[in-house]
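>>> show me the folded form of this:
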Amino acid sequence: MSTVDVLARAMPGSVDREALRAELLDDVGRWLREAPKAIPGAAEAVAVAALRGPVAVVSNTPWALLHPLLTALGVRERLTGVVAGDEVARPKPAPDPYRRAAALLGVPRHACSSWRIPRPASPPPGPRAPR
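Residues are numbered from 1 along each chain as shown. So this is what the prediction gives:
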């Protein structure tokens, strides 16, 4: 269930979901551009990985937020590919975005690895093979 769906259910009366989505994207986008915060060491990890081969970011974040954020964090120019959640039919954890990233990189899926950045309650990050 999307953030818009959760908010729409919590709000009384009928809600224009597209207007709500646009407002959320605008507000979050402004916040990300004004005060982007990278996970410590993330930009450095991208830089090192990019020295060894092509790198892509796969995120469920919408394109309108993801691309400006990666640019503000100073990592966009090091990436060969970016796949946002709204660019694929089925976002993560489905394999669709990973398959698209491998295609953008020009690398067979079996030759790729995936690093997950956890949310606070998630298991520790680490490499895993994309499906």
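
>>> can you list the residues that contact stretch 12-27?
3-5, 7-8, 62, 64-65 (CB atoms under 8 Å, 6 or more residues apart in numbering). All C-beta spots, glycine's among them, are computed from the backbone N, C-alpha and C.

>>> try 6 Å this time
4, 8, 64 (CB atoms under 6 Å, 6 or more residues apart in numbering).

>>> so where's the chain uncertain?
Applying pLDDT under 70 to the chain picks out residues 1, 117-131.

>>> in it, which spans are helices?
In the chain, the segments counted as helices under DSSP state H are 3-10, 17-34, 42-52, 63-72, 96-105.

>>> what about Leu79, neighbour count?
18 (other CB atoms under 10 Å).

>>> repeat for Pro108
Counted with other CB under 10 Å, Pro108 comes out at 9.

>>> which residue packs closest to Pro36, ignoring adjacent ones?
Ala72 (4.2 Å; CB to CB, 6 or more residues apart in numbering).
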